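# coordinates only, sequence not included:
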C-alpha cells in the first residue's frame with residue numbers, strides 16, 4: 001500500500017511541508033517500511049525510534065488510533081465470530097451503529113487534550129501513565 005498507493009499519491013502534494021506520524025505499532029515499524037517513509041519524509045518522520053521519537057499508544061494520536069479501532073474491535077469480537085463472513089458482517093454492523101454524537105464527543109475529548117499539550121508545551125498529562 002505504501003509503495004503502490006501512498007507514496008505515488010504524495011506526488012500531488014508538496015511533501016517538504018508535510019510530517020508523517022506513525023502510530024508506533026510494531027507491524028507498522030518494520031525496518032523496510034520505515035526506510036520507505038524516511039526516504040520520503042526525512043527528519044519529518046514522527047515514529048518510534050526515529051528522528052522524532054513518539055511513544056506507541058500516545059494519547060495525542062488521532063481519534064481513530066486511540067479510540068475508534070479499539071471500540072470497534074471490542075464489539076466485533078464480543079461474540080467470537082467463527083467465519084470471515086460473520087466477522088465482516090459484525091464489523092459493518094458495528095461501524096454502521098456509531099452515531100455522530102459519539103464521534104463529536106471523541107473529537108471534543110481529543111481537542112481538549114491537544115489544548116492541554118499546547119498550554120503545557122508538550123508535557124505529559126499527569127493522570128496518564130505512558131508505557132514504552
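Looks like it arrived, so ask away. All figures in this text were calculated on a predicted structure; none of them were measured in a lab.

# where does pLDDT dip in the chain?
For the chain, the stretches with pLDDT under 70 are 23-29, 48-66, 117, 121-132.

# how about the helices in it?
For the chain, applying DSSP state H gives helices covering 7-10, 31-41, 63, 69-76, 84-96, 100-119.

# okay, the angle between the fifth one and helix 69-76?
Helix 84-96 and helix 69-76 are oriented at 120 degrees to each other (axes from the mean of the first three to the mean of the last three Cα atoms, to 10 degrees).

# flag every buried residue along helix 84-96.
90-91, 94 (16 or more other Cβ atoms under 10 Å). In short, each C-beta sits where N, CA and C put it, glycine included.

# neighbouring contacts of it?
72, 75-77, 79, 81 (Cβ atoms under 8 Å, 6 or more residues apart in numbering).

# cutoff 7 Å now
72, 75-76, 81 (Cβ atoms under 7 Å, 6 or more residues apart in numbering).

# pick out the most distant pair among those residues.
72 and 81 (12.9 Å; Cβ to Cβ).

# residue 107 and residue 100, how far apart?
To residue 100, residue 107 is 10 Å away according to Cβ to Cβ, to the nearest Å.

# residue 44 too?
Taken as Cβ to Cβ, the span from residue 44 to residue 100 is 33 Å.

# these two - which one has more neighbours?
residue 44 (18 against 7; other Cβ atoms under 10 Å).

# can you tell me the closest non-neighbouring residue to that one?
Nearest residue to residue 44, sequence neighbours excluded (Cβ to Cβ, 6 or more residues apart in numbering): residue 19, at 4.4 Å.

# is it true that the one you found touches residue 43?
No. If you go by Cβ atoms under 7 Å, residue 19 and residue 43 don't touch, sitting 9.5 Å apart.

# quick one: which of the buried residues of helix 84-96 is nearest residue 12?
residue 91 (30.3 Å).

# which residues touch residue 109?
Per Cβ under 7 Å, 6+ apart, neighbours of residue 109: none.

# and the gap between it and residue 16?
32 Å.

# what of residue 102?
In this view, residue 102 and residue 16 are 37 Å apart by Cβ to Cβ.

# and these two? Which one has more around it.
Shown here are residue 102 and residue 16; by other Cβ under 10 Å, residue 102 has more neighbours (13 against 8).
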